[in-house]
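Got a predicted model here, sequence first, then my questions.
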Amino acid sequence: MLQFFMQFIRHPRTIGAVAPSGKALAAKMMEPVSFQRAKCIVEYGPGTGVFTRELIRRRKKSTKLMIIEKNRAFYLKLKKELEGENGVFLVHGSAEQVNAYLEAYGIETADYILSGLPFTSLPEAVSERILKATQTAIGDKGRFITFQYSLAKQSFFTKYFALTGRLLEFKNVPPAYVMVMKNKSNSYETVG
């Protein structure tokens, strides 16, 4: 908790909360995921790993899990914690480069991308690059799942995706909305 708070103080635009997400929100983020069919799941901005631990616990052994963390302190903590986990690829980098990371591991598209990124505080140009990369990364069949503390960015998301579901988790502090999205038909460019 203290490490998370210190990272928030140092990087308020990229951390976006003073405390890590709770277990109730982690469970709510997992609800839209079909773990039986998922071959590849990507997580953006795992922070201290609250969602990551749930993904590892629930996934099939054959499911590849790619974790992308930009913050060095969180990356190093997760690197130590995830050592020896088969099929888990931890990347120290930006979600903007998700397609390059998938390609590097021989993965065509992700079935699900779960995001803990604070889109309300990220610069708009960065958010746009991440969402465009996400469109390509999930292809025609994948789903993008993110949580936000308000619906202020919903219209921003729907410029890129079709909203297929919205859940609310009251037990989180503060309460959070979980948005489930898919690509609009022909709304993304494939990177060749």
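Looks like it arrived, so ask away. Numbers count the residues shown, from 1 in each chain.

In this structure, where is pLDDT below threshold?
Applying pLDDT under 70 to the chain flags residues 1-21, 186-192.

Let me see the ranges of the strands in it.
Secondary structure of the chain, counting by DSSP state E: strands at 40-44, 64-69, 88-92, 112-115, 143-148, 161-169, 176-183.

strand partners of the first one, parallel vs antiparallel please.
In this case it means strand 40-44. strand 64-69 (parallel), strand 112-115 (parallel) (DSSP bridges).

what comes into contact with stretch 88-102?
Around stretch 88-102, the neighbours that count as contacts under Cβ atoms under 8 Å, 6 or more residues apart in numbering are 40, 42, 44-45, 56, 64-70, 72, 75, 78-79, 82, 105, 108-110, 113, 115, 117, 126, 129-130, 133-134, 136-137, 191. Every residue, glycine included, has its C-beta placed from N, CA and C.

Leaving out the residues flanking it, which one is nearest to residue 178?
residue 167 (4.2 Å; Cβ to Cβ, 6 or more residues apart in numbering).

Quick check: the one you found touching residue 31?
Yes - in this structure, residue 167 is within contact of residue 31 by Cβ atoms under 8 Å, at 6.5 Å.

Of all the helix elements in the chain, which one is longest?
Counting residues, the longest helix found in the chain (DSSP state H) is helix 124-138.

List the buried residues for that helix?
Within helix 124-138, the residues scored as buried using 16 or more other Cβ atoms under 10 Å are 126, 127, 129, 130, 131, 132, 133, 134, 135, 136, 137, 138.

could you measure the closest residue in space to the fourth one that isn't next to it in sequence against residue 114, distance?
Setting aside the residues directly before and after it, residue 130 is nearest to residue 95 in space (Cβ to Cβ, 6+ apart), at 4.7 Å. Noted for residue 95: a distance of 11 Å to residue 114, by Cβ to Cβ, to the nearest Å.
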